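Engineer: Requesting a structural model of the entry that follows:
(one chain, ligands or ions: 1)
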Amino acid sequence: MIKQVLKGFIAALAAGLLSFSLGGGALADQVIPYPTALQNGSFEDNAKKDLTAATNYFIDQPDLPGWSTTASDGKLELWYTGFTPASVPGGISFAAQDGSWFMEINANLPDTQLYQDLATNDGALYQWSFWHRGRTGTDTAMMLLGPQGALTTDDAQPAAPGYEGTVGGGFTGTTGPTYLTAQRGAWVQHMGYYVAEADVTRFALYAYDSAYTNKTVGNLVDNAAWTPIAFPTAQTLHVGDAAPNDSTLVDNLAAGYTIDPQNVPDMTAVGTYKITVQVLDAASGVVGSIVSTVQVLAAGTTGESLPQTGNQHSVLLWVAVLVCGGATAALVSLALSRNKHGTRRRYAPKHGG
Ligand SMILES: [Ca+2]
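Structural biologist: From the prediction side, this is the model:
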């Protein structure tokens, strides 16, 4: 029986590497406890969702699936469409930008962030966006993105040109690509691009300043989004091969985007080449870059890598079988390798007894 099982392993090895992949969902649920997609970006799923009064609520963090706050009291401020605050500013009705519900970034405490932690592909390009509106005048928010953990204004992301927002008359605050402004009169969308620097990224909306004396008042937000745009790849070729095709230098390219690799190797020398791949939007503007890897081996050598396939992580099983005196004797090691860059890890067979 054991001999038959070992024969099966040997047959599998002869046929090629034992390999399978985990889908993004399985990875998020079972390996990293964070989702890859932004949850509840329009705030429609909340503990008050069956109510229709045009008012606001101070709710506890667990009452808004997906979102957390840095506020020490754990409170979040939820607004229903059509809410007309009695006094601040008074007489002005605020409709949701999307659906029926929206938020103030702050509830009771200033300088707080409304955030989610998301599973990300280190090195991949993402698009972020959210809708923003002032409450009493021009409010200023920031999009903070960085590896999971406390974020500061150093993590503020620049908006793409035209997505910084607008300021009203008399505004004296700071302006610039990271200072995302919105007036009271209308919702504006802020949008930009970010290359993930870790396997878990914090997506945080930060209330930087408001037009009101009490800085917890203002910075209405709705309809936040997080979209994968392009993932880097890793591949192995040989000296003398044709230069890698552009299509092999990117994975999961979002619809409407194209790429422009910058420094493709000429395939005349052995080496590991980091290729900067510019990503362009439908208007042919460069929105960001990813870095793909091409390992060039000497002609005739055995390949060492597997190409990365989308948002999946290959799991490679290596089974070393000890052969003693011509007879298969024992299964001596089983090694499991998970490497998101797709580089195969080699395990030397262990010989013994
Ligand atoms: Ca909404």
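
Engineer: how about the nearest residue to residue 164 once chain neighbours are set aside, phi and psi?
Structural biologist: Take residue 164 and drop its neighbours on the chain: the residue closest to it by Cβ to Cβ, 6 or more residues apart in numbering is residue 177, 5.7 Å away. In this view, the C-beta of every residue, glycine as well, is placed from N, C-alpha and C. Note on residue 177: its backbone torsions stand at phi -60, psi -30 [degrees, to the nearest 10].

Engineer: Can you name the residues that contact residue 126?
Structural biologist: Going by Cβ atoms under 8 Å, 6 or more residues apart in numbering, residue 126 touches 120, 193, 194, 195, 196, 201, 226, 227, 228, 229.

Engineer: circling back: contacts only, for the residue nearest to residue 164.
Structural biologist: Residue 177 neighbours (Cβ under 8 Å, 6+ apart): 158, 159, 164.

Engineer: Tabulate these in CSV, adding columns for distance to the ion, secondary structure and neighbour count.
Structural biologist: What follows is the contacts of residue 177, written out as CSV (distance: Cβ to the ion, whole Å; DSSP: H, G, I helix; E, B strand; the rest coil; neighbours: other Cβ atoms under 10 Å):
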residue, distance to the ion, secondary structure, neighbour count
158, 25, coil, 16
159, 21, coil, 24
164, 22, coil, 20
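
Engineer: Go through those and name the one nearest residue 273.
Structural biologist: Using Cβ to Cβ, residue 158 is the member of the contacts of residue 177 that sits closest to residue 273, with 29.0 Å.

Engineer: Geometric centre of this protein: which residue is closest?
Structural biologist: Centroid check for the chain by Cα atoms, centre = their mean gives residue 120 as the closest residue, at 4.0 Å.

Engineer: list the contacts for it?
Structural biologist: So residue 120 contacts 36, 126, 196, 198, 199, 200, 201 (Cβ under 8 Å, 6+ apart).

Engineer: Of those residues, keep whichever come out buried.
Structural biologist: 36, 126, 196, 199, 200, 201 (16 or more other Cβ atoms under 10 Å).

Engineer: Which residue is the nearest non-sequential neighbour of residue 52?
Structural biologist: residue 80 (7.0 Å).

Engineer: Look up how far residue 242 lies from residue 265.
Structural biologist: Distance from residue 265 to residue 242, counting by Cβ to Cβ, to the nearest Å: 11 Å.

Engineer: partners of residue 69 in the sheet?
Structural biologist: residue 114 (DSSP bridges).

Engineer: Please, where are all the helices along this protein?
Structural biologist: Taking DSSP state H to define them, one finds helices in the chain at 2-15, 24-26.

Engineer: check contacts around whichever residue of the stretch 151-300 of the chain sits closest to the ion.
Structural biologist: Of all residues in the stretch 151-300 of the chain, residue 222 sits closest to the ion, at 4.5 Å by Cβ to the ion. Neighbouring residues of residue 222 by Cβ under 8 Å, 6+ apart: 42-43, 96-99, 101-103, 130-131, 133, 187.

Engineer: What sits closest to residue 148 if chain neighbours are left out?
Structural biologist: Spatially, and ignoring its direct neighbours in sequence, residue 148 is nearest to residue 200 (4.1 Å; Cβ to Cβ, 6+ apart).

Engineer: one step back: quick check: the residue nearest to residue 52 touching residue 59?
Structural biologist: No. With contact defined as Cβ atoms under 8 Å, residue 80 does not count as touching residue 59 (11.8 Å).

Engineer: who's more crowded, those two?
Structural biologist: Each of residue 80 and residue 59 has its neighbours counted (other Cβ atoms under 10 Å); residue 80 has more, 21 against 18.

Engineer: Show the pLDDT at the more buried one.
Structural biologist: For residue 80, the pLDDT comes out at 98.

Engineer: near the ion at all, stretch 52-69?
Structural biologist: No. Stretch 52-69 lies out of reach of the ion by Cβ under 5 Å from the ion, never closer than 11.6 Å.

Engineer: how far out from the middle of the chain is that stretch?
Structural biologist: 24 Å (Cα atoms, centre = their mean, to the nearest Å).

Engineer: Name the nearest residue to residue 135, sequence neighbours excluded.
Structural biologist: residue 218 (4.1 Å).
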